[in-house]
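Undergrad: Got a sequence here, can you model it:
(one chain, ligands or ions: 3)
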Amino acid sequence: MFQASVYTNRRARLHKLMKSGIVLLPGNNESAMNYLANTYHYRQDSNFSYFFALCQPGLVGVMDLDNDKDIIFGDDLDMDDIIWMGPQPTMKDRAALAGVKEVMPSQELFDFIQKATNAGRTIHYLPSYRGETVLWFGKILGISPDFVKNYTSKELIKAVVQLREIKEDVEIKAIEEMVDVAYEMQTTAMKMAKPGVIEQEIFGTIEGIALAKASGTSFPIILSIDGQTLHNHFHGNTLVPGRMMVIDCGAESHINYCSDITRTVPVGGKFNERQKSIYNIVLKANMDTIAATKPGVLNRDIHLLAAKTIAQGLKDLGLMKGDIDAAVSAGAHALFFPHGLGHMMGMDVHDMEGLGENNVGYDEEISRASQFGLAFLRLGKRLKPGFVLTIEPGIYFIPALIDQWKAEGKCAEFINYDKVETYKDFGGIRLEDDILVTETGHRVLGKPIPKTVEEIEAMMA
Ligand code: GLY
Ligand code: MN
Ligand code: MN
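TA: Numbers count the residues shown, from 1 in each chain. Ligands and ions are numbered 1, 2, ... in the order given. Below is the predicted model:
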């Protein structure tokens, strides 16, 4: 974890942003996989981790805004725990690592909250993404679990987003270390992408790198020669010449900082002419939008720049036609690029998505569009120095979507369906990098991962 002062400062800043009441921030508990004692990989809640640092189950963080106090509720281990888990530091010593001086036993939390609610004080809490947490809130607040989500604190969500979206230097360093683990994962996958290899062999090898060099992956690895399926988690295909393999992967550090990188490579290491022509459009979209990333710009406009680059490139190849601005306004490009350009990244790979995508990616100035394609853009708002975000344009030939649009005659003035038919066996390409918005522009995080046709062919040779 970082130095205690990092966490003390974050809590002090939250105290300043909030008016009054109590912030109630439960950490995550173990989550059972197939019976209670056989649990999934333990993952602390990112908001708890951000303010209270400690990575263990059974803790609740409280910020008393009126009395300017921070408390961790949690218990010292008893002899049974020590027999199974070995000796552990006391709660007091652990809490000190996060700069928290006050520790109280878990069983006192219920009374503490009840006293506060009886006194008419507001309990601020965030949305939950685990059923157990919803039930816990219901119990401690004395309300039906069905209503827990109705009383989440908009003021707290806003304050947490305001803090977490601006990355501190220590966070940027932590993210960058994870991008460098992704470098190892990506380049290992590239070298293994030979005809006859089964996807799972590559998947397992690069998952191993994330486990060996970090806490594991930051999300389930997407690795497939069927890249036209955006989040493909099937790894049973055998690599065959003529297909391209999408590798979308990232690592997560022991204190939850993430990376998220995508490369797409030709099986066997040499691009054919058709692959090269589509690949270079995606590459141009990736590089042009990275170049346009700077403070003050609406990320929605950067997304639309990618859409135009893709539409222009596909027009040059005869797959699209007509006026590019009109095609993008009509959303015609979304047949090939049906997702958003990117998202914030930090302690969650889709940073703070648990607080609500619109609370993170949109604001009073800009709200989410409803048009197919643009509607999936997670981050539309104006960029600020300190944001870390992904840039991940792609071109996909999704046979079922092509069939549907063609049957409906959708955007027929912008799409050459006859030519598109001949690409239905192509698959998909996505290229994703992790970008820091700086005071004057941007910086691509981590050491450069092969990306041009020449760099990829050289790495795979
Ligand atoms: N890794 C999923 C994504 O790129 O958003
Ligand atoms: Mn991403
Ligand atoms: Mn990704």
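Undergrad: ranges for the helices of the stretch 51-200 of the chain?
TA: 79-85, 91-97, 109-118, 131-141, 154-164, 169-192, 199-213 (DSSP state H, counting those that start in this stretch).
Undergrad: quick one: the longest one near ligand 3?
TA: No: against ligand 3, helix 169-192 shows no contacts by CB under 5 Å from the ion, the least distance being 9.6 Å. For glycine as for every other residue, the C-beta is placed from the backbone atoms N, C-alpha and C.
Undergrad: who touches the helix or strand bottoming out on mean pLDDT in the chain?
TA: Of all the helices and strands that make up the chain, helix 79-85 has the lowest average by mean pLDDT, DSSP states H and E, namely a mean of 89. Contacts to helix 79-85, defined as CB atoms under 8 Å, 6 or more residues apart in numbering, come from residues Leu77, Gln88.
Undergrad: can you offset everything so residue one is 803?
TA: In the new count, where the first residue is 803, that last one comes out as helix 881-887.
Undergrad: Convert it to CSV, retaining C-alpha atoms only.
TA: The C-alpha coordinates for helix 881-887 follow below in CSV (Å, rounded to 0.1, in the frame of the first residue of the first chain):
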residue,chain,number,x,y,z
MET,A,881,-6.7,-18.3,18.4
ASP,A,882,-8.8,-20.3,15.9
ASP,A,883,-7.9,-17.8,13.2
ILE,A,884,-4.3,-17.8,14.2
ILE,A,885,-4.1,-21.6,14.0
TRP,A,886,-5.4,-21.5,10.4
MET,A,887,-4.0,-18.3,9.1
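Undergrad: What sits closest to Val972 if chain neighbours are left out?
TA: The spatially closest residue to Val972, leaving aside those adjacent along the chain, is Phe804, at 5.2 Å (CB to CB, 6 or more residues apart in numbering).
Undergrad: List the buried residues for stretch 1049-1058?
TA: The neighbour-count check on stretch 1049-1058 (16 or more other CB atoms under 10 Å) flags Ile1049, Asp1050, Cys1051, Gly1052, Ala1053, Glu1054, Ser1055, Ile1057, Asn1058 as buried.
Undergrad: farthest pair in those?
TA: Ile1049 and Ile1057 (25.2 Å; CB to CB).
Undergrad: The stretch 1053-1202 of the chain against ligand 2: which residues are in contact?
TA: Asp1062, Thr1192.
Undergrad: Looking at the stretch 1053-1202 of the chain, which residue is nearest ligand 3?
TA: Closest to ligand 3 within the stretch 1053-1202 of the chain is Asp1062: 4.2 Å, counting by CB to the ion.
Undergrad: nearest spatial neighbour of that residue, skipping sequence neighbours?
TA: Per CB to CB, 6+ apart, closest to Asp1062 is Gly1052, 4.1 Å.
Undergrad: which residues does that neighbour contact?
TA: Here Gly1052 is in contact with Met980, Ala984, Met987, Ala1012, Thr1019, Ser1020, Phe1021, Cys1060, Ser1061, Asp1062, Ile1063, Val1151 (criterion: CB under 8 Å, 6+ apart).
Undergrad: Please enumerate the strands of the stretch 803-952 of the chain.
TA: With DSSP state E, counting those that start in this stretch applied, the stretch 803-952 of the chain shows strands at 824-828, 834-837, 840-841, 862-866, 871-875, 904-906, 925-926, listed in chain order.
Undergrad: other SSEs contacting the last one?
TA: The one in question is strand 925-926. Packing partners of strand 925-926 (3 or more CB pairs under 8 Å, 6 or more residues apart in numbering; DSSP states H and E): strand 824-828, helix 911-920.
Undergrad: Quick one: closest of these to ligand 1.
TA: Comparison of the helices and strands packed on strand 925-926 against ligand 1 by CB to the nearest ligand atom identifies strand 824-828 as nearest, at 25.9 Å.
Undergrad: If you count contacts, what does the closest one end up packed against?
TA: helix 848-854, strand 862-866, helix 911-920, strand 925-926, helix 933-943.
Undergrad: ok now it, how far from the chain's centre?
TA: 24 Å (CA atoms, centre = their mean, to the nearest Å).
Undergrad: hey, what's the residue of the stretch 1153-1263 of the chain at minimum distance from ligand 2 bridged with?
TA: Closest residue of the stretch 1153-1263 of the chain to ligand 2, CB to the ion: Thr1192 (4.1 Å). Beta-bridge partners for Thr1192, by DSSP bridges, are Asp1236.
Undergrad: Tell me how many other residues crowd it.
TA: 24 (other CB atoms under 10 Å).
Undergrad: and it, how far is that from Ile1024?
TA: Separation of Thr1192 from Ile1024 (CB to CB, to the nearest Å): 13 Å.
Undergrad: ok so, going back, isn't the residue of the stretch 1153-1263 of the chain closest to ligand 2 right next to Leu1238, touching?
TA: No: here Thr1192 lies out of contact with Leu1238, judged by CB atoms under 8 Å, at a distance of 11.3 Å.
Undergrad: As a check, name the ranges of all strands in the stretch 1003-1152 of the chain.
TA: Going by DSSP E, counting those that start in this stretch, the stretch 1003-1152 of the chain shows strands at 1018-1019, 1024-1026, 1046-1051, 1053-1054, 1063-1068.
Undergrad: just checking, Met1046 touches Asp1028?
TA: No: if you go by CB under 8 Å, Met1046 and Asp1028 don't touch, sitting 9.9 Å apart.
Undergrad: Give me the common contacts of the two.
TA: Gly1229, Gly1230.
Undergrad: between those two, which one's more packed in?
TA: Comparing Met1046 with Asp1028 by other CB under 10 Å, the one with more neighbours is Met1046, at 23 against 15.
Undergrad: If the more buried one is in a bridge, with which residues?
TA: Pro1068.
Undergrad: now do Glu1054
TA: Here Glu1054, judged by DSSP bridges, has bridge partners Gly1018, Cys1060.
Undergrad: got the contact list for it?
TA: Applying CB under 8 Å, 6+ apart, the residues near Glu1054 are Met980, Ala1012, Ala1016, Ser1017, Gly1018, Thr1019, Ser1020, Cys1060, Ser1061, Val1151.
Undergrad: who wins for most neighbours among these?
TA: So for the contacts of Glu1054 (other CB under 10 Å), the most neighbours sit at Ser1061, 33 neighbours.
Undergrad: so which strand or helix has Ile1197?
TA: Using DSSP states H and E, Ile1197 sits within strand 1196-1198.
Undergrad: related to what we said a few turns ago, which of the contacts of Gly1052 lies closest to Gly1070?
TA: Met987 (20.0 Å).
Undergrad: Please export the C-alpha coordinates of stretch 823-841 as CSV.
TA: Below are the C-alpha coordinates for stretch 823-841, written out as CSV (Å, rounded to 0.1, in the frame of the first residue of the first chain):
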residue,chain,number,x,y,z
GLY,A,823,-23.4,13.1,8.4
ILE,A,824,-21.6,9.8,8.3
VAL,A,825,-19.9,8.1,5.4
LEU,A,826,-20.4,4.3,5.8
LEU,A,827,-18.1,2.3,3.6
PRO,A,828,-18.1,-1.5,4.0
GLY,A,829,-15.1,-3.4,2.6
ASN,A,830,-15.7,-6.6,0.7
ASN,A,831,-16.0,-10.0,2.5
GLU,A,832,-15.1,-13.3,1.1
SER,A,833,-17.3,-14.6,-1.7
ALA,A,834,-18.1,-18.3,-1.8
MET,A,835,-17.5,-20.2,-5.0
ASN,A,836,-19.1,-23.6,-4.5
TYR,A,837,-19.2,-23.9,-0.7
LEU,A,838,-18.6,-21.4,2.0
ALA,A,839,-15.0,-22.2,2.7
ASN,A,840,-14.0,-22.4,-0.9
THR,A,841,-13.9,-18.8,-2.0
